[in-house]
Each structure stands twice: as C-alpha cells, then as structure tokens.
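**Q** Sequence unavailable; structure follows:
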C-alpha cells in the first residue's frame, strides 16, 4: 500500500507540473485581456516568468516573451509564450512547448472549443494545421528539425490570431501600455525594451540593467567597439561586454555606458532617472546598511567563486564586469558589478560596486571613461 501511495504522489506531482502549463482555452482568455501588463499578471500566477522583449523593426511588431521552467544556462525550457503586438494591440499569441503528451492533450481539445479544420500542409519541414472558430484562427505547427528552445528534436507550437472582422469590431479606445504598470512592476524604454521594477523601502528601482540604445528623445547613442577610441572618448558612448550585443542582451546583463552618456540626463525612460550618490545610500540603508546590502542585492546566479547572493531584495544584481578606461578592455565578468551615480567629485564620479567575495556594497570613485552598468530609479 505504501508503494502505491508513493507512486500515486509521484504521478500526481508530475500531473501538477504539467497542469501548470497553458492551454488553448488560456490563450483565448489572454487574447481578451486589456493589455500586456494584465497578461504578465495572468502568466505569473500560473508559474511563468517574464523573459524579455524585443522589437522587430522590419515589420514594426513588438515581441514580449515569458518562459516556463527555463534552464539557467541555456535557452532550453519546458515552454515559451510569445505575445506579438502591433502598436498596442495584440496581433498574435504563440505557445511553444517541448512536451509531446501535453501537446497531444491540447490538440485533442480543439474540437471541444468549437474549432473547425481548415487545411493542412507541409512547408519548410513543418507540419502546419489550420483551424478556426467564430472568433479566432488557430494554427498548430510541428517542426521536424531540432530547436534551441527544446531538448527534444521536435518542438510544437500553437498560434492564435483574432479573425480580422473581430479586430475591426474592437473599440478604438483599447487601453495602452503605460510607461509603468498599474502595480508598478514594469517599465518600457524608448527602444521598446521592457524591464521589471521593484520597490525597496520608499524607492522604486529597475530590477534589470538598462539596455537602451537611444536617449529618451530618440537620439541614438554612439556605440563604440574600438578600445582605443573608447579610452579617449570625451563624449557619449556605449557598448556591450566583449562587444557581444546578442549574448549580453539575451542573458539580461544589459549595456555598458560611459559617464558622459549618463550625465546627459536623457538616458532613463520618462519619469525615471539615474540615482544620485544619496539615493544609493538610501537603498543600502533600506537593506540593512552598506556592510550587508550586497548579498541581498546580488542575483542567485552569474557570480563565480561561490559569490552568488540571496537576492532577497529582488534587485537582481548580475556580475556584469566593466570596460576599462585606460585601454578599453573588458574585465571581471562574473566577478563584480558596477553602477553609475550622477554625483561627481572633481574629475571622478561616485559609483556602487559589488564583489564576489564581499557582502558589502562598496562606494568608490571612478573615471568618467569607464563603461559601467546603469540602473534607473523612479522620480
């Protein structure tokens, strides 16, 4: 009897894990939510995590992603959910999953949800099956080639789009995406990147490093890759660690900026700013003081030599390293984190520095030509 009970608990636990994933019915519910912030709340309650956003400039679509049970060291995950926006309106939902049993279970629900088969075809090694009901087009796609999102050789996707007639009938006063969500947990920059935020004490901070390529007035920030040019800059410049934008955007490390960029006052989104030295002091005091704040601010991953923090503050400080002011080299990835303040002391600037081997948040003075991370704080 005991063996049967244990087996039942294992099966039940596995079922619970699968059940926390999405269904086609959930996708229909999500499509009727007023804005993407409401989608984030809906998915978070089901155990999904916000992964990031990007902008497809060639067709002006915005992409917002969530992930379910993602591997910390790769893009492998049990599920991906992608919201495609056209302006502020939902254009398409995509639910992509690795589990074949779950896929077949959802496929079997299509008829019960009122969908009628339209057509099926094979294109570019994909089996594409199309359905529709009174409100939506539903497309099922099975790809026979390996995919970076899944450990399996086959990935499976559901695409949901509203039938055009229904789009026309949607009222024109659809709620727009605010700069900050109603519950103050998300902010969007001028590039369309979306950042989580966190309230610590009486302050509201970005919970991710800035990754914007334009000032908030739309002016592009010079991207400087050459090390000699970087070290001799006397005006604005930005880059990514090792000049690898894709890698350090995907893993949320963010961009590196010199102080001339910070000092323009136009780097953060509207209603946000880069913190002063005093505002950094308030943050550390809210976390118990400078001698213990670091471990509460550091992320639970990315730090080498057992340097990970507890991240109890949800500040999520990643060990991004920095770009040197003397020779333009990139140093100390996975060992330290550095953020600018706006407070100057003669020719240098106050910064905050976290190290893998310390629980203390360190106040330091830095050259204006360093390439450091940026966090924004709400006005």
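**A** Nice, I can see it. Nothing here was measured: the structure is a model prediction, and the numbers come from that model.

**Q** From here on, just use CA atoms for contacts and neighbour counts.
**A** Noted.

**Q** Residues contacting stretch 332-339, please?
**A** 302-304, 307, 317-322, 351-356, 372-375 (Cα atoms under 8 Å, 6 or more residues apart in numbering).

**Q** Would you mind writing the ChimeraX command to select the buried ones in those?
**A** Buried residues among those (16 or more other Cα atoms under 10 Å), as a ChimeraX selection:
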select :302,303,307,317,318,319,320,321,322,351,352,353,354,355,356,372,373,374,375
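
**Q** Next up, the contacts around residue 81.
**A** 65-67, 93-96.

**Q** follow-up on the earlier one: just the contacts of stretch 332-339: which are in strands?
**A** 322, 351-355 (DSSP state E).

**Q** one step back: turn the contacts of residue 81 into CSV, including pLDDT and distance to residue 49.
**A** Listed next are those as CSV, based on pLDDT from 0 to 100; distance: Cα to Cα, whole Å:
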residue, pLDDT, distance to residue 49
65, 88, 9
66, 88, 5
67, 87, 5
93, 93, 16
94, 92, 15
95, 92, 14
96, 89, 14
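
**Q** Quickly check these for the two that are furthest apart.
**A** Using Cα to Cα, the two most remote members of the contacts of residue 81 are 67 and 93, lying 13.6 Å apart.

**Q** Tell me which residues are up against the helix or strand containing residue 103.
**A** Here residue 103 sits within helix 100-107, counting by DSSP states H and E. Helix 100-107 is contacted from outside by 18, 23-24, 97, 156, using Cα under 8 Å, 6+ apart.

**Q** what is the mean pLDDT for the next helix or strand after that helix?
**A** Remark: after helix 100-107, the chain's next helix or strand is strand 116-123, criterion DSSP H and E. The average of the pLDDT scores along strand 116-123 is 82.

**Q** Need the residue closest to the centroid of this protein.
**A** residue 52 (2.6 Å; Cα atoms, centre = their mean).

**Q** I'd guess that one is in a strand, am I close?
**A** Yes. Assignment of residue 52 by DSSP: H, G, I helix; E, B strand; the rest coil places it within a strand.

**Q** The nearest residue to it once chain neighbours are set aside: neighbour count?
**A** Distance criterion Cα to Cα, 6 or more residues apart in numbering; nearest residue to residue 52, sequence neighbours excluded, is residue 65 at 5.4 Å. By the criterion of other Cα atoms under 10 Å, residue 65 has 17 neighbours.

**Q** Next: the one 5 residues further on.
**A** Number of residues near residue 70 (other Cα under 10 Å) recorded here: 19.

**Q** residues near the closest residue to it other than its chain neighbours, how many?
**A** Sequence neighbours aside, residue 77 is the residue nearest to residue 70 in space, at 4.0 Å (criterion: Cα to Cα, 6+ apart). Look at residue 77: counted by other Cα under 10 Å, it has 19 neighbours.

**Q** returning to what we had before: can you tell me the element the residue nearest to residue 52 falls in?
**A** Counting by DSSP H and E, residue 65 is part of strand 61-70.

**Q** hang on, the earlier thing: the residue nearest to residue 70 contacts residue 67, correct?
**A** Yes. Residue 77 lies in contact with residue 67 (Cα atoms under 8 Å); the separation is 6.9 Å.
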